[in-house]
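[1] 3D, please:
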Amino acid sequence: MIITRTPFRASFAGGGSDVRWFYQENGYGEVLSAALKHYMYIVIHPYFHSKRFRLKYSQTEDISNIDEIQHSIMRSCLQRFQMVGGIEISSFADVPAGTGLGSSSSFTVGLLHALYAWHGKEVTKAQLAKEACEIEIEVLGKPIGKQDQYAAAFGGVRRYRFNNDETVEVESINLSKEIVNKLENNLCLYHVSGTRSADSILKKQNSMDNRFNKAEHIRNLVDMVKPLKEDLKMGRLDAIGSSLHKGWITKKSIVSDISGSEIDKYYDKARNLGALGGKLLGAGGAGFLMLYCHNHQKLKKNLGLKPLAFEIDNEGTKLLYFDK
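    Residues are numbered from 1 along each chain as shown. Have a look, this model is predicted:
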């Protein structure tokens with residue numbers, strides 16, 4: 001049996017700059033994000049039927065031909081490894097899919113990690129992130145960027161720079177224990193009911209319509225990365241609140257579907273209750289509101305939304321168990 005654990009992520013600044021059209025036209029994209037102690041687990045176990053695959057996620061598939069697998073990521077990963085059957089793969093997650101925490105990319109990274117372990121091969125985090133991007137973007141044609149795959153693979157609080165030659169630079173932001181504790185206390189995630197498909201919103205965001213204005217808004221988000229990185233390192237954490245607020249207003253200018261009346265209602269209420277700022281994580285439409293506030297007890301009591309702790313994972317994707 002093999003078990004991998006791969007974190008979800010929350011981005012602070014630069015979202016939208018990790019897609020190809022932007023970093024190629026602009027020269028680069030840049031994102032500041034943190035991996036979270038909320039995880040995707042992938043389990044691989046030998047299957048009694050040596051020529052078949054048994055796949056368990058929100059559905060169950062029992063199949064002999066890889067090309068007939070309905071789960072596109074599983075199909076692509078198994079095709080990459082030219083698997084011949086005799087395995088059972090199950091996935092479990094701490095939060096539902098479609099809630100803005102990068103679950104699809106965590107799934108891809110975690111599955112690739114588990115399949116490499118199944119073949120007895122060690123692989124770097126950079127290689128896992130690169131291959132996950134290839135599968136999701138190149139093979140499956142998803143209208144997404146690269147930040148989720150890299151955050152899932154590397155973990156920690158990091159700056160990712162996406163260059164127009166397709167290379168990715170990874171910079172670790174080393175924070176003191178005191179700063180991390182304060183950051184975790186002042187940030188919390190709140191679930192706005194419903195899930196959404198990121199693809200439909202991202203297709204609009206990445207379309208050619210009004211591309212010049214979209215690029216200008218995304219450049220403004222990228223410009224927030226460097227100063228926010230310095231604020232984090234120096235412990236000027238209240239700057240996160242104002243930066244998140246500014247970034248959220250900017251992001252809503254890109255595509256109208258990113259927000260909605262219900263999300264705006266909760267966000268405005270949180271601000272009135274003392275939140276300095278926040279944003280809806282992911283592509284938009286539904287999911288988790290990340291809010292920066294000195295008194296989350298007040299928000300938890302009055303917002304009426306289910307909270308999820310903000311805790312930083314520093315390990316990235318990890319092989320939890322190996323017994324083959």
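
[2] Look up phi and psi at residue 120.
    Main-chain torsions, residue 120, degrees, to the nearest 10: phi 70, psi 30.

[3] For it, which residues are in contact?
    If you count contacts by Cβ atoms under 8 Å, 6 or more residues apart in numbering, residue 120 has them with residue 324. Every residue, glycine included, has its C-beta placed from N, CA and C.

[4] Test for you: state the pLDDT assigned to it.
    Predicted confidence (pLDDT) for residue 120: 95.

[5] how much space between it and residue 179?
    To residue 179, residue 120 is 40 Å away according to Cβ to Cβ, to the nearest Å.

[6] just residue 164 next, same as before
    Distance, residue 164 to residue 179, using Cβ to Cβ: 33 Å.

[7] For these two, indicate the residue with more neighbours.
    Using other Cβ atoms under 10 Å, the more surrounded residue of residue 164 and residue 179 is residue 179, with 18 against 14.

[8] So the more buried one, which state does it fall into?
    Using DSSP: H, G, I helix; E, B strand; the rest coil, the structure places residue 179 in helix.

[9] so how far is the helix or strand harbouring residue 130 off the chain centroid?
    Under the criterion of DSSP states H and E, residue 130 resides in helix 125-133. Taking Cα atoms, centre = their mean, to the nearest Å, one finds helix 125-133 lying 14 Å from the centre of the chain it belongs to.

[10] Any buried residues in it, and which?
    Neighbour counts over helix 125-133 (16 or more other Cβ atoms under 10 Å) mark 125, 128-133 as buried.

[11] The closest residue to residue 57 other than its chain neighbours: neighbour count?
    Nearest residue to residue 57 in three dimensions, chain neighbours excluded: residue 91, at 4.9 Å (Cβ to Cβ, 6 or more residues apart in numbering). Neighbours of residue 91 under the rule other Cβ under 10 Å: 22.

[12] Against which helices or strands is the strand or helix carrying residue 91 packed?
    If you go by DSSP H and E, residue 91 is part of strand 87-93. Applying 3 or more Cβ pairs under 8 Å, 6 or more residues apart in numbering; DSSP states H and E, one finds that strand 87-93 contacts strand 28-46, strand 53-56, helix 103-118.

[13] among these, which is the most enclosed?
    Ranked by mean neighbour count, the helices and strands packed on strand 87-93 are led by helix 103-118 with a mean of 26 (mean count of other Cβ atoms under 10 Å).

[14] Now that helix - C-alpha only, CSV.
    Listed in CSV are the C-alpha atoms of helix 103-118, where the atom choice follows Å, rounded to 0.1, in the frame of the first residue of the first chain:
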residue,chain,number,x,y,z
SER,A,103,-7.9,20.6,-5.1
SER,A,104,-7.6,19.3,-8.7
SER,A,105,-3.9,20.2,-8.8
SER,A,106,-3.3,18.7,-5.4
PHE,A,107,-5.0,15.5,-6.7
THR,A,108,-2.7,15.5,-9.8
VAL,A,109,0.5,16.1,-7.8
GLY,A,110,-0.5,13.5,-5.2
LEU,A,111,-1.4,10.9,-7.7
LEU,A,112,1.8,11.3,-9.7
HIS,A,113,3.8,11.1,-6.4
ALA,A,114,2.0,7.8,-5.5
LEU,A,115,2.6,6.3,-9.0
TYR,A,116,6.3,7.1,-8.9
ALA,A,117,6.5,5.4,-5.5
TRP,A,118,4.6,2.4,-6.9
